[in-house]
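**Student:** Starting from these lines, generate the structure:
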Amino acid sequence: QLQASGGGLVQPGGSLRLSCEASGITFNYYTIGWFRQAPGKEREWVSHITSVNSTLYADSVSGRFTISRNNAMNTVFLQTNDLKYEDTAVYYCAADIVVLRPSETFEYGYWGQGTLVTVSS
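**Tutor:** Got it, this is the predicted structure:
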């Protein structure tokens, strides 16, 4: 079970910290991915962090977003900075232990409910 939070309304150039809290799983064994889905578009991969803290980012967010995890809190964070209009989307976190292609939605068995990020002036 995953619970995403931290979304909201922010102006261009602003920041938000998204959280994904897990329960009912041995969190530190899991790869956690963040995806987003804008209105009328397919869900797309944003970033992921593995059980050994290896991270990767989509080109569209590289240098602006940072993913991290706190295993003691069973939580993964996505720090989003310098937000742009095109970052507006529902952001979802996902988890699984064996993730061979972390950018693919089908690799993840657990999904959170999503948190809405709206970038608007």
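
**Student:** what's the spacing between the residue nearest the centre of the chain and Ser121?
**Tutor:** Residue closest to the mean C-alpha point of the chain, counted by C-alpha atoms, centre = their mean, is Trp34 at 2.5 Å. Note on Trp34: its distance to Ser121, by C-beta to C-beta, to the nearest Å, is 24 Å. To be clear about C-beta, it is placed using only N, CA and C from the backbone, and glycine gets the same treatment.

**Student:** Likewise for Gly33?
**Tutor:** Gly33 is 30 Å from Ser121, by C-beta to C-beta.

**Student:** Show me which of those two is the more surrounded one.
**Tutor:** A count of neighbours by other C-beta atoms under 10 Å puts Gly33 above the other of Gly33 and Ser121, at 28 against 7.

**Student:** Next SSE downstream of the helix or strand hosting the more buried one?
**Tutor:** Counting by DSSP states H and E, the element that carries Gly33 is strand 31-37. Next helix or strand after strand 31-37 toward the C-terminus (DSSP H and E): strand 44-49.

**Student:** which element follows that next one toward the C-terminus?
**Tutor:** strand 55-57.

**Student:** I figured Trp34 hits Thr55, correct?
**Tutor:** No: look at Trp34 against Thr55 with C-beta atoms under 8 Å: they stay out of range, at 10.6 Å.

**Student:** what residues do these two have in common as contacts?
**Tutor:** Common contact partners of Trp34 and Thr55 (C-beta atoms under 8 Å, 6 or more residues apart in numbering): Ser47, His48, Ile67.

**Student:** residues contacting the last one?
**Tutor:** The contact partners of Ile67, by C-beta under 8 Å, 6+ apart, come to Ile32, Trp34, Ser47, His48, Ile49, Thr55, Tyr57, Val76, Phe77, Leu78, Gln79.

**Student:** likewise Gln11?
**Tutor:** Counted by C-beta under 8 Å, 6+ apart, Gln11 has contacts Val119, Ser120, Ser121.

**Student:** Give me the buried subset of the contacts of Ile67.
**Tutor:** Ile32, Trp34, Ser47, His48, Ile49, Tyr57, Val76, Phe77, Leu78 (16 or more other C-beta atoms under 10 Å).
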